[in-house]
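Engineer: this one's structure only:
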């Protein structure tokens, strides 16, 4: 069978099923079955497809007709022009969320190094996309799922930013200490009662824990906003993806904790909203618990021109007791600088995913 005929076969079956993206789905699945780029499928329509490739494409077709998304069938999904592997414990990164990446980049000068945390990282899409654009910045990817963290670490390694991303298992921001310039999150924000009514492509194939935001869909925001005050540097910012009808509720929560609205906007026919907040004024860190490390924000923000000075300040800072899972940003920065500049320093003690 010719490649063009195979594409049309799958396309027609998808159309009969009423799939909105029948043509695109058929091209992607046939391309993968043939181990070709999607563009090559169009160029080589008159070439013969092997029996093995035809069989593989038809297996893909049956999975798609059963409601499995193309990304789940192939095991990967494109985001920000990069390919991200998926597993059962991650959401598929969606184009909507690229707007969140754009918003952070637009509000951070290109020549400014920054440290950020991606809360509920999943595949690591947000964190890896940011690091691919800002090659001297550092990120911490947080997720409660070890499987998701493993996926994020593998994606970071394949895309080439693993040396600037630390994967940490934790409950939202609870594992983080002060010193972050940005807290960024696309958290679960769908009300529990609504989850069951979602399309089967989402309901049956995305992990419920990454979708269900509690009775009113705001549980994750309450946790993140409450904890973020203890994690941000002076004038640090928080960027959140929100549901289309949650702007007022989330803005109210942020206002209760002293954040100032920068911008709120909607995209894609009001299916998704984004909210950006910044603290209203500079603040001093409150005393932290006895066994935690207080961070000097000027060190985290790279004001010292030489890495030796950063390491020196770290060594003079009280270190937390063993077993405390709260992550020190300063330790992380020093660890990465140690690797970059070949300095001798004990690595940070944190719960990290194997890479």
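Structural biologist: Everything's here; your move. These figures come from a predicted structure and were not determined experimentally.
Engineer: any weak-confidence spans in the stretch 201-350 of the chain?
Structural biologist: For the stretch 201-350 of the chain, the stretches with pLDDT under 70 are 263-350.
Engineer: repeat that for 80
Structural biologist: By pLDDT under 80, the low-scoring segments of the stretch 201-350 of the chain are 260-350.
Engineer: the longest strand belonging to the chain packs against which elements?
Structural biologist: Ordering each strand of the chain by length in residues (DSSP state E) puts strand 232-243 first. Strand 232-243 sits against helix 98-106, strand 180-185, helix 219-228, helix 247-256, strand 272-279, helix 297-300, with contacts defined as 3 or more Cβ pairs under 8 Å, 6 or more residues apart in numbering; DSSP states H and E. Quick note: C-beta positions are derived from backbone N, CA and C, even for glycine.
Engineer: go through the ones you listed and pick out the most buried.
Structural biologist: Highest mean neighbour count of the helices and strands packed on strand 232-243: strand 180-185, a mean of 26 (counted as mean count of other Cβ atoms under 10 Å).
Engineer: how many other residues sit next to residue 163?
Structural biologist: Residues within reach of residue 163, counting by other Cβ atoms under 10 Å, total 14.
Engineer: an error on my part: the question was meant for residue 109.
Structural biologist: Residue 109: 10 neighbours (other Cβ under 10 Å).
Engineer: could you dump the helices and strands packed on strand 232-243 to JSON lines with distance to residue 236?
Structural biologist: Formatted as JSON lines, those follow (distance: least, Cβ to Cβ, whole Å):
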{"stretch": "helix 98-106", "distance to residue 236": "12"}
{"stretch": "strand 180-185", "distance to residue 236": "5"}
{"stretch": "helix 219-228", "distance to residue 236": "8"}
{"stretch": "helix 247-256", "distance to residue 236": "13"}
{"stretch": "strand 272-279", "distance to residue 236": "6"}
{"stretch": "helix 297-300", "distance to residue 236": "9"}
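Engineer: ok, back up a step: tell me what angle the longest strand of the chain forms with helix 98-106.
Structural biologist: 160 degrees (axes from the mean of the first three to the mean of the last three Cα atoms, to 10 degrees).
Engineer: give the pairing partners of strand 232-243; include direction for each.
Structural biologist: strand 180-185 (parallel), strand 272-279 (antiparallel) (DSSP bridges).
Engineer: helix or strand right after the shortest one?
Structural biologist: Taking DSSP states H and E as the definition, the helix or strand that follows strand 180-185 towards the C-terminus is helix 192-195.
Engineer: shouldn't residue 168 be in contact with residue 142?
Structural biologist: Yes. Between residue 168 and residue 142 a contact is recorded at 5.2 Å, counting by Cβ atoms under 8 Å.
Engineer: who has more neighbours, the two?
Structural biologist: Counted by other Cβ under 10 Å, residue 168 and residue 142 do not tie: residue 142 has more neighbours, with 28 against 20.
Engineer: just the pLDDT for that one.
Structural biologist: Looking at residue 142, its pLDDT is 96.
Engineer: can you tell me the SS state at it?
Structural biologist: strand (DSSP: H, G, I helix; E, B strand; the rest coil).
Engineer: surely it touches residue 172?
Structural biologist: Yes. At 7.1 Å, residue 142 and residue 172 qualify as touching, with contact defined as Cβ under 8 Å.
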